[in-house]
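[1] Predicted model, plus sequence, below.
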Amino acid sequence: MSLRDQVEELLPNWERWYPSLFDAASDLGLIKAEVCDPGSLLLSTRHAKVRQRAADAHREKWGGQVQQAQPSGRSRNKSKRR
């Protein structure tokens, strides 16, 4: 059952009193806010964890050594091509 269906079941014609489905669902207790660590919301943190898991899985399957983290925004020493 969708959120809209749940709101309609509990409060028919909710559009008359609420500007959005979110507001109605929140007041009816169908959705609740959760407190989380602000750092967990950063995409760079999430992506770093995904990249780390992928690297670990690759090493587990194919072997290899753990590389040290590179400074962000800079690539490794690459020779300049002309």
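    On my side now, so go ahead. Numbering: from 1, shown residues only.
[2] alpha carbons only for contacts and neighbour counts from here, please
    Will do.
[3] for this structure, what's the longest helix?
    Criterion DSSP state H: the longest helix present in the chain is helix 43-62.
[4] mind listing what's buried in that helix?
    By neighbour count on 16 or more other Cα atoms under 10 Å, the buried set for helix 43-62 is Asp56.
[5] Identify the residues contacting it?
    Helix 43-62 is contacted from outside by 39-40, 65, using Cα atoms under 8 Å, 6 or more residues apart in numbering.
[6] Just the closest of the residues you listed to Ala24, please.
    Closest approach to Ala24 among the contacts of helix 43-62 (Cα to Cα): Ser40, at 27.5 Å.
[7] Return the residues in contact with the closest one.
    Arg46.
[8] Now for the chain, the helix or strand with the poorest mean pLDDT.
    helix 43-62 (a mean of 87; mean pLDDT, DSSP states H and E).
[9] Measure how far that one is from the centre of its chain, please.
    Put simply, helix 43-62 sits 16 Å off its chain's centre (Cα atoms, centre = their mean, to the nearest Å).
[10] Same check on stretch 37-57?
    On Cα atoms, centre = their mean, the centre of stretch 37-57 falls 9 Å from that of its chain.
[11] And for stretch 23-39?
    16 Å.
[12] Tell me the buried residues in that stretch?
    For stretch 23-39, by 16+ other Cα under 10 Å, it's 24-25.
[13] What is the end-to-end distance of it?
    End-to-end distance for stretch 23-39: 26 Å, by Cα to Cα, to the nearest Å.
[14] Mind listing residues that contact that stretch?
    3, 6-7, 10, 14, 18, 45.
[15] Switch the residues you listed over to CSV; also include secondary structure and distance to Asp27.
    Formatted as CSV, those follow (DSSP: H, G, I helix; E, B strand; the rest coil; distance: Cα to Cα, whole Å):
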residue, secondary structure, distance to Asp27
Leu3, helix, 13
Gln6, helix, 13
Val7, helix, 10
Leu10, helix, 11
Trp14, helix, 11
Tyr18, coil, 10
Thr45, helix, 32
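[16] okay if I get those as CSV plus distance to His58?
    Output for the contacts of stretch 23-39, formatted as CSV (distance: Cα to Cα, whole Å):
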residue, distance to His58
Leu3, 40
Gln6, 44
Val7, 46
Leu10, 50
Trp14, 52
Tyr18, 50
Thr45, 20
